[in-house]
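Colleague: here is the input, now give the coordinates:
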Amino acid sequence: MKNKFKFLFASFVLANSIYLHAQNDFSLKADQSEEESYVLTKDPLVKANLDKWQGYKFGVLIHMGLYSQLGTVESWGLAPEDWVTRDGYDDYYKYATDYRNTKYKLNPTNLDAEKWAKMFKEAGAKYMIFTSKHHDGFCMYDSKFTDFKITNPAFPYGKNPKADVLKNVLDASRKQGLAVGVYFSKPDWSTENFWWSYYPPKDRNPTYDITKFPERWKKYVQYTQNQLNELTTNYGKVDILWLDGCWVRPFSTINKKVEEFCKYPYDMDINMKLIAETARKKQPGMLVVDRWVPSEYENYLTPEQKTPEKPLSVPWESCIILGGAWGWVPNDKYKSSKEVIQLMTSIVVKGGNLLLGVGPDAKGEFDPKIEKTLAAVGKWLAVNGEAIYDTKPVTPYLDGKVGYTQKGNTIYAIYMPAKDEKEIPSEIAIKTNIKGSLKATLLSDKRKLKYKKVDNGILITIPKELRSTLASHEAIVIQLTN
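Modeller: Modelled structure (predicted):
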């Protein structure tokens with residue numbers, strides 16, 4: 001069978017979608033119960049930064065690695081699990097070798113970190129998180145503890161003066177005023193201390209019984225701690241340490257949300273207490289997000305590809321892809337700016353943040369469709385952002401096509417036209433209990449709008465000459481002040 005450096009994209013995405021669907025439907029139900037197990041930090045600096053982060057409302061998550069060269073759904077092809085398909089391969093080990101040898105091909109010579117950062121800033125994002133390494137273990141930074149890294153001079157990009165991709169992206173993003181975060185995978189399928197080649201991999205977990213080989217596991221824990229220490233010591237100010245791969249966790253923390261893919265029967269504790277304390281000596285107040293592991297080291301919740309049904313009383317962020325995968329894949333289909341803005345609104349009105357997932361191709365460039373969508377989102381936020389940034393949820397949160405946010409004594413009603421809506425209604429019902437004389441303003445042009453009081457709120461009159469034009473907008477913000 002002819003070998004190819006790619007998956008059958010449709011079947012792999014379908015498998016991945018089925019997997020994520022199973023996760024995310026459960027995640028949706030679990031989010032409310034997670035409030036009960038959430039542990040609020042006692043560190044005043046962390047608390048202050050968490051409060052600040054909750055006002056950001058919009059961030060971007062960048063996935064880039066060997067999978068960007070291959071155009072595959074991240075590094076999951078290495079996982080010998082039933083849901084994974086590998087087009088062109090009937091030999092897992094041949095596939096795994098070819099995948100890892102992509103290190104000799106990845107050469108993102110067109111990567112312009114300054115251009116990226118400017119694009120994120122102009123999109124209205126307030127923070128950016130970049131993958132230092134995914135589960136395959138390939139580092140997008142200059143780790144001193146592995147040669148499996150983009151900075152290795154034996155690899156094409158390794159001799160480039162900007163070979164340390166993470167450093168350049170973080171530096172450029174900070175210069176644009178963005179808060180920055182580092183994504184890090186706790187599992188690492190490249191090291192002999194996690195996937196020991198003496199035993200074949202069976203799934204995403206260690207290939208060996210860590211209770212029988214405790215010294216080997218101890219070396220893995222130290223390796224993980226060493227790399228995290230590098231990331232929080234050598235790369236300037238890090239606002240967020242975003243840890244993925246929740247199956248690497250203390251056995252006692254496995255709950256219903258994760259039990260379906262936390263099948264390893266032993267305690268994979270990597271000592272998050274030590275990791276957080278060590279990191280915060282260099283990075284006071286840094287947010288730590290040990291995803292889906294309830295503890296004081298999960299400073300905010302991260303539902304994936306879904307939003308909670310109702311507002312949560314704890315800090316949270318929905319991480320959602322712009323297209324069909326976290327990284328770049330060929331011929332991907334992306335959400336429109338209207339879809340992104342309305343998605344963002346549906347999250348913000350419930351008190352959360354949107355972390356939008358996008359990825360560059362192997363040359364380090366973003367699809368022009370991504371750039372176009374982000375530019376349109378930024379254009380809308382430049383006019384209407386005061387209804388999004390630093391706002392709080394207010395009842396009734398989301399009612400039909402209208403979402404509600406609040407800042408001080410001001411209420412923002414955000415009307416979201418349907419995709420095929422040609423003309424918005426002559427009157428928009430706004431549910432509010434604001435007392436006294438009101439001023440209703442169309443935020444996009446500061447036009448004063450007429451209204452009349454009714455039970456449970458007011459009816460805003462939309463001038464006839466505006467109804468068609470406003471229907472083409474991503475969302476319409478009406479500002480109410482008294």
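
Colleague: which parts of the stretch 1-150 of the chain are strands?
Modeller: Secondary structure of the stretch 1-150 of the chain by DSSP state E, counting those that start in this stretch: the strands cover 58-62, 127-133.

Colleague: and the first one, how far from the chain's centre?
Modeller: The reference is to strand 58-62. Strand 58-62 sits 6 Å away from the centroid of its parent chain (C-alpha atoms, centre = their mean, to the nearest Å).

Colleague: returning to that earlier point: could the strands of the stretch 1-150 of the chain go into CSV alongside mean neighbour count and distance to residue 404?
Modeller: Every C-beta, even on glycine, is put in place using the N, C-alpha and C of the backbone. Compiled in CSV, the strands of the stretch 1-150 of the chain are given as follows (neighbours: other C-beta atoms under 10 Å; distance: least, C-beta to C-beta, whole Å):
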stretch, mean neighbour count, distance to residue 404
strand 58-62, 24, 18
strand 127-133, 26, 24
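
Colleague: for residue 375, find the nearest of the ones you listed.
Modeller: Residue 375 lies closest to strand 58-62 among those, at 13.3 Å (C-beta to C-beta).

Colleague: in its sheet, what does that closest one sit against?
Modeller: strand 127-133 (parallel), strand 353-358 (parallel) (DSSP bridges).

Colleague: how about JSON lines for those strands, with distance to residue 197 and mean pLDDT added?
Modeller: Formatted as JSON lines, the strands paired with strand 58-62 follow (distance: least, C-beta to C-beta, whole Å; pLDDT from 0 to 100):
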{"stretch": "strand 127-133", "distance to residue 197": "19", "mean pLDDT": "98"}
{"stretch": "strand 353-358", "distance to residue 197": "32", "mean pLDDT": "98"}
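
Colleague: tabulate these (JSON lines), appending distance to residue 112.
Modeller: Formatted as JSON lines, the strands paired with strand 58-62 follow (distance: least, C-beta to C-beta, whole Å):
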{"stretch": "strand 127-133", "distance to residue 112": "14"}
{"stretch": "strand 353-358", "distance to residue 112": "15"}
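
Colleague: can I get the strands of the stretch 1-150 of the chain in a markdown table with distance to residue 309?
Modeller: Formatted as a markdown table, the strands of the stretch 1-150 of the chain follow (distance: least, C-beta to C-beta, whole Å):
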| stretch | distance to residue 309 |
| --- | --- |
| strand 58-62 | 21 |
| strand 127-133 | 25 |
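
Colleague: of these, which is nearest residue 92?
Modeller: Nearest to residue 92, of the strands of the stretch 1-150 of the chain and by C-beta to C-beta, is strand 127-133 at 21.7 Å.

Colleague: ok, residues contacting that closest one?
Modeller: Outside strand 127-133, the residues that touch it by C-beta atoms under 8 Å, 6 or more residues apart in numbering are 53, 56, 59-65, 117, 120, 139-141, 143, 165-166, 169-170, 173, 178-185, 188, 227, 231, 239-240, 242, 355.

Colleague: what does stretch 456-468 give?
Modeller: Residues from elsewhere that reach stretch 456-468, judged by C-beta under 8 Å, 6+ apart: 413, 422-433, 438, 440, 442, 449-452, 470, 478, 480.

Colleague: same check, this time on stretch 213-233
Modeller: Residues from elsewhere that reach stretch 213-233 (C-beta under 8 Å, 6+ apart): 132-133, 139, 141, 143-145, 166, 182, 184, 186, 188, 191-194, 196, 206, 208, 210, 238, 241, 269-271, 274-275, 278-279, 282-283, 286.

Colleague: just the buried residues from the residues you listed, in ChimeraX please.
Modeller: Of the contacts of stretch 213-233, the buried ones can be selected in ChimeraX as follows, counting by 16 or more other C-beta atoms under 10 Å:
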select :132,133,139,141,143,166,182,184,186,188,191,193,194,196,206,208,210,238,241,270,275,278,279,283,286
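
Colleague: show me the contacts of stretch 213-233 that map onto strands.
Modeller: Mapping those onto strands (DSSP state E) picks out 132-133, 182, 184, 241.

Colleague: nearest to residue 106, of those?
Modeller: Comparing these against residue 106 with C-beta to C-beta places residue 133 closest, at 13.2 Å.

Colleague: is it true that residue 49 touches residue 283?
Modeller: No: with contact defined as C-beta atoms under 8 Å, residue 49 does not reach residue 283; the gap is 10.0 Å.
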